[in-house]
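Student: would you be able to build a 3D model of this:
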Amino acid sequence: QVQLVESGGGLVQAGGSLRLSCAASGRTRSRYAMGWFRQAPGKEREFVAAMSWSGGSTYYADSVKGRFTISRDNAKNMVYLQMNSLKPEDTAVYYCAATSTFRVTEPYDYWGQGTQVTVSS
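Tutor: A predicted model of the protein is given here:
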């Protein structure tokens, strides 16, 4: 089992930045790829970004490409999502997730509880 806990969400004005963090615990010796997903009110959960265990491969949704950056520190069992130039349409609950097979679509094996990001116009 892997436990994931997100933090760093909050309220920010359009054009601002936030950095989300995800702390992993449990079976962290296994080599999991990590992803970020989000779910806006009334919408389905969608893929945001993913990174392989080594960090050598990354993928981004077109809607965040060039604005968001995923990174990880395996020594600290941490994953981050730097979000710049935020837009009101980025408002959502953001989830950190882990998968044993690098992918940009669900299913993922483990999920965090989510952190709210609200971007005001």
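Student: strands of the chain, start to end?
Tutor: Here the chain has its strands, by DSSP state E, at 2-7, 10-13, 18-26, 33-39, 46-51, 58-60, 68-73, 78-83, 92-99, 110-111, 115-120.
Student: OK, contacts around the residue nearest in space to the middle of the chain?
Tutor: Central residue of the chain (C-alpha atoms, centre = their mean): Trp36, 2.5 Å from the mean position. Trp36 makes contact with 20, 22, 48-50, 68, 70, 79, 81, 94-97, according to C-beta atoms under 8 Å, 6 or more residues apart in numbering. Any C-beta I mention is one placed from the backbone N, CA and C, and that applies to glycine too.
Student: for it, which non-adjacent residue is spatially closest?
Tutor: In space, and not counting its chain neighbours, Trp36 is closest to Val48: 4.3 Å by C-beta to C-beta, 6 or more residues apart in numbering.
Student: wait, what's in contact with that neighbour?
Tutor: With contact set as C-beta under 8 Å, 6+ apart, Val48 has these partners: 35-38, 60-61, 64, 68, 81, 94.
Student: with Ser57 instead?
Tutor: Listed by C-beta under 8 Å, 6+ apart, the contact set of Ser57 reads 51, 102.
Student: quick one: it from Ala33, how far?
Tutor: Ser57 is 8 Å from Ala33, where distance means C-beta to C-beta, to the nearest Å.
Student: now the common contact residues for those two.
Tutor: Common neighbours of Ser57 and Ala33 (C-beta under 8 Å, 6+ apart) are 51, 102.
Student: burial of Lys65, as a residue count?
Tutor: 10 (other C-beta atoms under 10 Å).
Student: actually, Gln1.
Tutor: 7.
Student: please apply the same query to Val64.
Tutor: Neighbourhood size, Val64 [other C-beta under 10 Å]: 22.
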